[in-house]
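Visitor: What follows is a protein structure lacking sequence information:
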């Protein structure tokens, strides 16, 4: 189980949101733990990490702020947002402030379970580009309050590992509904069986556990089955140092 330390109003906000929804709340405990883990990092609160974990090189990279850029998935290399497209970034964090949305001239819709990320982006996003920034909703990835076929592109990178594949069945069903027929999902997952990423994946999973969120290291065959069961086809893929990046189309493989 994910390790949770202390209480957080943001976790309570998310629990309230889920409680008011008519959707299943089987994953509420996990969602709360992940929300708390990232809110604490955004607030720069200290984490209790044992000395043996602090001795790991990956911990030193995390403390120095070098780890995020190392393991982030460059989704635009598989599906670069185009001018005028509507793009939904699930688990967006503060991505609108980091990636060149102004250069892409694509409309950005964000969704995250972190109240800190939501509040920061909603406060600064419109100041950065009021035309392209369409706001961030506080909600988990399986609850998408948007019109059917609203988006040309859905991005869901960097957080698949925090939830079991059963949860992602619900996420993909929701994504499929809001994507245009010709739209794409860009998704990433960890391949723990690859020799190049195996040790990194295990050490990163240990670190994340002590930061408050359990990591599920599922074989890639499990992820591929989830995508296939949802009616998705992997049309392109790209290996990364930790996450493997996939471009998925639902219905047609063209």
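Guide: Perfect, thanks for sending it. Everything numeric here is computed off the predicted structure, so don't read it as measured data.

Visitor: Tell me where this structure has helices.
Guide: Secondary structure of the chain (DSSP state H): helices located at 9-20, 28-42, 51-54, 57-63, 67-71, 101-104, 115-128, 165-178, 195-211, 220-229.

Visitor: hey, which of these is tucked in deepest?
Guide: Scoring those by mean neighbour count under mean count of other Cβ atoms under 10 Å gives helix 28-42 as the most buried, with a mean of 21. Every residue, glycine included, has its C-beta placed from N, CA and C.

Visitor: Skipping adjacent residues, who's closest to residue 75 in space?
Guide: Counting by Cβ to Cβ, 6 or more residues apart in numbering, residue 75 lies nearest to residue 186, which is 4.3 Å off, once chain neighbours are set aside.

Visitor: That neighbour: how many residues sit nearby?
Guide: Residue 186 has 26 neighbouring residues, counting by other Cβ atoms under 10 Å.

Visitor: How about the one 5 residues further on?
Guide: Neighbours of residue 191 under the rule other Cβ under 10 Å: 21.

Visitor: Isn't it up against residue 244?
Guide: Yes - using Cβ atoms under 8 Å, residue 191 makes contact with residue 244 at a distance of 5.0 Å.

Visitor: Which one of the helices of the chain lies nearest to residue 85?
Guide: Closest to residue 85 of these is helix 101-104 (Cβ to Cβ; 8.2 Å).

Visitor: Name the residues that touch that closest one?
Guide: When contacts are defined by Cβ atoms under 8 Å, 6 or more residues apart in numbering, helix 101-104 is touched by residues 76, 80, 81, 82, 83, 108, 128, 129, 132, 133.

Visitor: for the stretch 1-150 of the chain, what are the low-confidence residue spans?
Guide: 1-25 (pLDDT under 70).

Visitor: one more time with 90
Guide: 1-27, 65, 68-70 (pLDDT under 90).

Visitor: Tell me the residue in this structure that is farthest from the middle.
Guide: The outermost residue of the chain, judged by C-alpha distance from the chain's mean C-alpha position using Cα atoms, centre = their mean, is residue 51 at 28.8 Å.
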